[in-house]
Each structure stands twice: as structure tokens, then as C-alpha cells.
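Undergrad: no sequence for this one, just the structure:
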């Protein structure tokens, strides 16, 4: 039995943790989050130096990195670039090279107003490409204002409704409308494309491949989100435990009261299970295991809820200070909610698992 | 289960080489890593096979004797545990000492070459079939609470030992009370020295929790599979509970808990193999398992409507879930209450201050 990260992976974790802690103490993180753009435009070359874009990284290394970026709420589009746009970018030699060199920040623009918003729900998409020009209006695009390039799900203009392709559009050719977003370090935006120059990355002529890449995108997102959620829940737990140890009321630290300590323990128990599921999902994705889809669904469902619950408990344990804008907790709470909501709430993932367990 | 049948099955397991997988070879074990034990427990559950009747001996008495015993004791007891030749029970809890175990009052007083034991133990599984008992007693009433305890190995057939079944809310007498009245225990039947009983008992409890996760996960896998089978059966009105969105959500939720537990065990096992020290995951596993087991029994009962009140022959699954719903209430109490487990995690893992 060897269900643990390798020494190299643990070194990667240690270096990531150190870098993020040095660069983003809670005060700095808050300043960046509340700035106009909400992201750190200068950090990308540092991430490249740290090896975060090396093409030989497997999903296990990404799992380590997502957990650490979740624990410090990295204000840069790493999740969007690697997990959302990554599976498509890697199908293209030139973009893969730009990505590996640390010169590409990207995201995925798939959802549209008035239609289902899952990664695989492309039935109602209206965005069209004709003669290499894209017209369309995308919504809920993560990190829309923080990227150089959009990967856009769209149809080829002259074809029927079934075939969807994936296109690359440089951000300079799109109009981005930022939306007020709860999680200020992973803001959503609307993106309008009006005759934007679009290069096909996965052609709708190859419908199977497009579906496969979208399925891969979904798997990566569903595996990356729980890893980040583990980082978020871990930080919330640390803050709650530290407060329970140090905050004195009635002459004793509040952690002596079981109403407090048991609540913190429940966060720990939820976190440990979430961690196990997230690592299982990451391993399945890295190994292309046949159980990957189920593992990703299970991990996303559990870790999303565990992170939200850990943040809620941490806020409660902190009392009034935990309810202030000044305290860092609300930022973790909002990221946890982002992660719990992406690709649908936990009950959606449970519904898919139930179908596999009960309908045959 | 019939005690003789249980022993016969345990002997078969022994003859096939599946007992004492992790025990050293000199005590009749196989000397393998805990991975083998994990695999065996998972496969036992998948096959729906019953466990070894000598579970207290295997998981508690045996490892404690191998750790603390004299050469004579290590020769005398462990092999007969593996072969189910001798069944063990545990005499720790008392009516006045549950979670606060170290407050126990059963006394042992030295008289010549014997300890003379008086007192009452409770919640002893298998005591009605057991040959031996690991007994925690107070040998020094003047010493501090923990320092006055000692650990005895007691012949359950000695004069003055009386076992009374204790009827549970299921109606079954699964546990027992044990009364000790002037029971003479040879002086050399002690593990460790007088006053070391608490340290010895800690070893016992560590072993109980160290190997716990795999057994519990195996048990939960069986229950999740049974729940899936149940909800797929049409109700009297022809509808499948499996088509109810609430039931679907609940079943998937417990399946996810099961996977969480399974991979938590794998992480724990990896830590154990790498460091030799069991992590806190055993306590986590017990907490998660017990609550999941209770929830899923309630789902199973709820889909039966008022029929869930019918039990015994002719009831749904002959009353299996009615029994399960009641029996599972004990899961958050036995082997350390959920409250005690949370205290342990709070203090030892999260470093929160002690409340006592």
C-alpha cells in the first residue's frame, strides 16, 4: 500500500507553500482582492519559475498545487488556465508551448444566458463561428478580466445544431464586462465576441474529439475543485483551532467548551474525508482510471460541502470578529461557495452517482 | 450466531491461514504487513462472510499479551486465540465508569499467591461464551486514580465469576454483565506490574482502534450494498423507493462516505507502514462509520412506511432493518462514545485545551 505523495511531490508542496505564504500574507491577499482588478498581474513569471507549468506535471502534482493555492487564495488565474482551459490548450502545439513557457493566462468561456450551464450541456449554445470569425455572448466566465486568451465553446455557423468545437480567441479581440462577484479573487465576467478572430483548437468536424475534450475538461475541473476546497477547508480549520486555543472568555480558552471544540473536530473529520476523496480523484485522473468520473463526482460533492461547512464553523467559532470584512475568513468562505457551486451543487453530483448505483 | 458454529468457522479461517496475519511468526502469526490484514477484511466483507468469533482476543487481548506478557504468557495464550480454542472477553467498563474508565472500582487484593477480585463489569461482548477475560482492576485504592490500576488475565470458569446477559433495545442479549465475588486469580496472571494497568489498557485500546478502520469500512460497504438492494425493491404500490429523489440523494451520499472512509484507511495504512505509528484516522473512521451506519438504517426504515413497525418473520427482510435501526444506536456509544472520540481528536490532533 502506498497511497501517499512522492518525495518530489512533497518538495513541490513545500516550495509552493513557502512561496505563497511569503507573497500573500492575509493583509496583502486582502489588498489584492479588494483592488480594482482583483488579481496579481505580476506573479505569473514566478509561477513559471517554480515549475508550475512544466509539461511533465501529472494531475497529482496539480493536486498538490491546487491544494496550496486554495490554502492561500492565490489571486491569479491558475485554476482557470490549468483546469478549465488546460485540457484544450494542450491539444494545440503552439498554445501548449506558450503555456509551458509561462506566457499564457487563459480561461474557458462555455456558459451562455438562458441555457444549461454544465460543461457537457452544449445543446443550446448560440455562439457561432463563420469564416474564422466568432460571434457570441458568454456569461459566468471565470477570471475573464485576468487572462490573455479565451477557449470558447461554439458552433460552426453553417452546420446543424449538434457539433460544438473549441476555439482560441485572444483577449484583445473580446469585450469583457466584469461582474460583481462574491469571491473577489476569482471574479466572473461576461465576454462578448463580435466578429472576433477565432482559431479552431478542436474542430466541430471531429465531434467525438470535441466531446472527449469537454469531458476531460469536466473531469479536470471536478478533480481540481475538491483539491482547492481541501486547501480552503484546511486554512479555515487552522484559523478556528487557533482561535479556540487562544481566545479567552470566562477566564478560560473557549476550546475547553465542547460546543466549540466538537464543532472544530467535525470540520477536521470532514476535511480528512474530503482530502482522501480529492487525492483518490486526482490519482484516478492522473492514471486515467476507469473509476475517474465517479471519483471526481464524489470528491467534488463532498469536498465542496466540507469546505463550506468548515468556513461556516470557523466564522461561528470566531464570533463577532469572524463576521467582519477585516477578518480573512469571509474570503475563504466565498471561495468555498464558488467551488461548491461550480458544475452544480453537490446534489447534482450525487444524482449522477445515484443513477449509476440505482438505475441498472 | 450459534457459538459452536462460530468457533467452527473461526477454526476454518485459522486452518486456511487467515488469522493473525500481522502477528509475529513465533506466536503462530504470519508476520505480514497490515496491508494483508486490510485486504483480508475487505474481501471478507465483499463475500458477506462472518468474522472470527475471537475478535476480542485477536484485536485486543492477543496484541496486549504479546506486548506486555512474560515469556510464559506469550507461549500460553496467543496461539489458542488464533485457533479459536480460547475465546476472550473484555472487562473494562463498569456501571459507574464508562467514558471515565479510570474511575473504576472493581478491586483486587493480594492474598497469599492469589489476587482476590470483587466487583462488577458491564458491556462485555462474548462473556457468555468466553474462556478468558482481560480485566482492569484497582489494586491500590490509595494511589492516584490511574496509578492504582492493574491488568489481570482471568479464567472465566473460576469460582465466583457469574455472567448475566444484558438485554438491549433490540431485545437481544448481545452484551453481558460480569460479577466477580471473591474470585481467586493466580498472582502471575497479571500483565505488567501492579499499578501499570492503565498503560497496559492504553495498548489494548490503541490496538482496538489501529486495525478498526478496515473492518468498519468493510461493514459499511456491506450495509450500503444492502441499502441499494432494498430501495430497488418495489413497494406495495409498485413504486421503487430508488426513484424518490430524497432516497437517491441519501444513497449516493452514503456511497460517497464509504469511499471517503476507504481512502482514509489507505492513507492511514500508508502512514502506518512508513512510520510504524497509527495516526488519528482510527478515531475518524469510527466517528464517520457509526454515524453513516445510523443514517442509512434510518433511510432503510423510512422507505418501508408504517410497515417499518413490523418485525420478525414475514416483515420486510424478516426484520433485518428494524434490528439494524435499533442496533446502530449502539455504534456511537460502544468502543468509545462519539463525544469521547471528539475529545480525543480535539486534544491530541488539534491541540485544543483539555476541558477536564
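TA: Thanks, I have it. This one's a predicted model, so the numbers in the text were calculated from it and none came from an experiment.
Undergrad: Any stretches of chain B with poor pLDDT?
TA: B:1, B:207-211, B:356 (pLDDT under 70).
Undergrad: Which strand in it has the most residues?
TA: Assignment by DSSP state E gives strand B:175-186 as the longest strand of chain B.
Undergrad: Following the chain onward from that strand, which element is next?
TA: strand B:190-191 (DSSP states H and E).
Undergrad: How far off centre is the longest strand of chain B?
TA: Averaging C-alpha positions (Cα atoms, centre = their mean, to the nearest Å) puts strand B:175-186 21 Å from its chain's average.
Undergrad: Would you mind pulling up the elements that it packs against?
TA: Secondary-structure packing of strand B:175-186 (3 or more Cβ pairs under 8 Å, 6 or more residues apart in numbering or on different chains; DSSP states H and E): strand B:88-91, strand B:114-121, strand B:149-155, strand B:161-166. Just so you know, the C-beta spots here come from the backbone N, C-alpha and C atoms, and that holds for glycine as well.
Undergrad: Pull out the buried residues from it.
TA: B:175-180, B:183-185 (16 or more other Cβ atoms under 10 Å in any protein chain shown).
Undergrad: Give the pairing partners of it; include direction for each.
TA: strand B:114-121 (antiparallel), strand B:161-166 (antiparallel) (DSSP bridges).
Undergrad: buried sites along stretch B:336-347?
TA: Quick answer for stretch B:336-347 (16+ other Cβ under 10 Å): B:336, B:338, B:340-347.
Undergrad: Dump these to a markdown table, plus distance to chain A and secondary structure.
TA: Listed next are the buried residues of stretch B:336-347 as a markdown table, based on distance: Cβ to the nearest Cβ, whole Å; DSSP: H, G, I helix; E, B strand; the rest coil:
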| residue | distance to chain A | secondary structure |
| --- | --- | --- |
| B:336 | 13 | coil |
| B:338 | 9 | helix |
| B:340 | 11 | helix |
| B:341 | 8 | helix |
| B:342 | 4 | helix |
| B:343 | 7 | helix |
| B:344 | 9 | helix |
| B:345 | 5 | helix |
| B:346 | 4 | helix |
| B:347 | 8 | helix |
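Undergrad: so which two of the residues you listed are the farthest from each other?
TA: B:338 and B:347 (15.1 Å; Cβ to Cβ).
Undergrad: and the helix or strand containing residue A:219 with chain B, contact?
TA: Secondary structure from DSSP H and E places residue A:219 in helix A:207-246. Yes. Applying Cβ under 8 Å from any Cβ of the partner chain, one finds helix A:207-246 in contact with chain B at A:237, A:241, A:244-245.
Undergrad: For residue A:244, list the residues it contacts.
TA: Going by Cβ atoms under 8 Å, 6 or more residues apart in numbering or on different chains, residue A:244 touches A:253-255, A:260-261, A:264, A:317, B:350, B:352.
Undergrad: switch to 6 Å and redo it
TA: A:254-255, A:260, A:264, A:317, B:352 (Cβ atoms under 6 Å, 6 or more residues apart in numbering or on different chains).
Undergrad: between those, which is closest to residue B:44?
TA: Among the contacts of residue A:244, and counting by Cβ to Cβ, the member closest to residue B:44 is residue A:264, at 35.5 Å.
Undergrad: tell me which element that closest one is part of?
TA: helix A:258-287.
Undergrad: Would you mind identifying the next helix or strand past that helix?
TA: helix A:292-318.
Undergrad: Can you mark which positions in that next one are buried?
TA: Applying 16+ other Cβ under 10 Å to helix A:292-318 flags A:292-315, A:317-318 as buried.
Undergrad: again, but for stretch A:25-45
TA: A:26, A:29-30, A:32-33, A:38-40, A:43-44.
Undergrad: now do stretch B:160-173
TA: Of all the residues in stretch B:160-173, those buried under the rule 16+ other Cβ under 10 Å are B:161, B:163, B:170.
Undergrad: What is the end-to-end distance of that stretch?
TA: 22 Å (Cα to Cα, to the nearest Å).
Undergrad: where do the helices sit along the stretch 151-300 of chain B?
TA: With DSSP state H, counting those that start in this stretch as the criterion, the stretch 151-300 of chain B has helices at B:197-210, B:212-232, B:245-275, B:281-302.
Undergrad: Next, find the distance separating residue A:62 from residue A:228.
TA: Distance, residue A:62 to residue A:228, by Cβ to Cβ, to the nearest Å: 10 Å.
Undergrad: Pick out whichever of the two has more residues nearby.
TA: Between residue A:62 and residue A:228, counted using other Cβ atoms under 10 Å in any protein chain shown, the more crowded position is residue A:228 (32 against 24).
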